[in-house]
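J.: sequence first, predicted coordinates after that:
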Amino acid sequence: MITWQTPAGSLGKITERIIIEIPLSASSNIGPISYSVIAGNLPRGLRLSGNKITGSPVEVKRYTESRFVIRASDGADLEDRTFSIAVDGADIPEWVTSEGFLKVGAGEAYFVLDNSYVSFQIRSHRYRSHRRR
């Protein structure tokens, strides 16, 4: 009989591009246990190696939660457990466009006439001051 010690559910919230190692624990009175992902997917950049989830999650555009099922097997019995891991690290945009009134009219005027077409590119880039590339 296999008994999981790692509780089902969330294995935590991790940050993109940070190396992690999350141990899984199950026991058996028959013999050694092997682990495998049988449903869902680990976050990209992570892998199951023995009884540990290891790796470095790739960059995400927004907070992302992955759900997956891991099977523990001792060769005679098996027991499945559902887990999730959240990956955070979405970057905060930083405005490149100057603050204030926009010069969108003819000749870069600060006004337009009624029913005039306006085309203006507002720009931002992702802010990364807290991380190295």
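T.: Arrived safely.
J.: ok, residue 79 touching residue 38?
T.: No: assessed by Cβ atoms under 8 Å, residue 79 is found out of contact with residue 38, at 11.3 Å. Where C-beta positions appear, they are placed from N, C-alpha and C, glycine not excepted.
J.: quickly list what's touching both of those two.
T.: Contact criterion Cβ atoms under 8 Å, 6 or more residues apart in numbering; residues bridging residue 79 and residue 38 by contacting each: residue 71.
J.: show me which of those two is the more surrounded one.
T.: residue 79 (16 against 12; other Cβ atoms under 10 Å).
J.: okay, domains of this protein per the record?
T.: 2-88, 91-133 (automatic domain parsing).
J.: now the shortest one: mean pLDDT?
T.: In this case it means domain 91-133. Taken as a whole, domain 91-133 has a mean pLDDT of 65.
J.: same deal with stretch 16-31?
T.: 94.
J.: measure it end to end?
T.: Taking Cα to Cα, to the nearest Å, the first and last residues of stretch 16-31 lie 36 Å apart.
J.: which parts of the protein are strands?
T.: 2-4, 9-15, 20-23, 26-28, 34-40, 46-49, 52-55, 64-73, 78-88, 93-95, 124-126 (DSSP state E).
J.: in the longest one, what counts as buried?
T.: By neighbour count, with 16 or more other Cβ atoms under 10 Å as the criterion, the buried positions of strand 78-88 are 79, 81, 83-87.
J.: cool, and the fifth one?
T.: Burial within strand 34-40, assessed by neighbour count using 16+ other Cβ under 10 Å, is assigned to residue 35.
J.: C-alpha coordinates for it, CSV please?
T.: C-alpha atoms of strand 34-40 as CSV (Å, rounded to 0.1, in the frame of the first residue of the first chain):
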residue,chain,number,x,y,z
SER,A,34,8.8,5.7,-8.7
TYR,A,35,6.9,8.9,-9.7
SER,A,36,5.5,10.0,-13.0
VAL,A,37,3.2,12.8,-14.3
ILE,A,38,0.1,11.1,-15.7
ALA,A,39,-2.2,14.1,-16.4
GLY,A,40,-1.8,17.8,-17.0
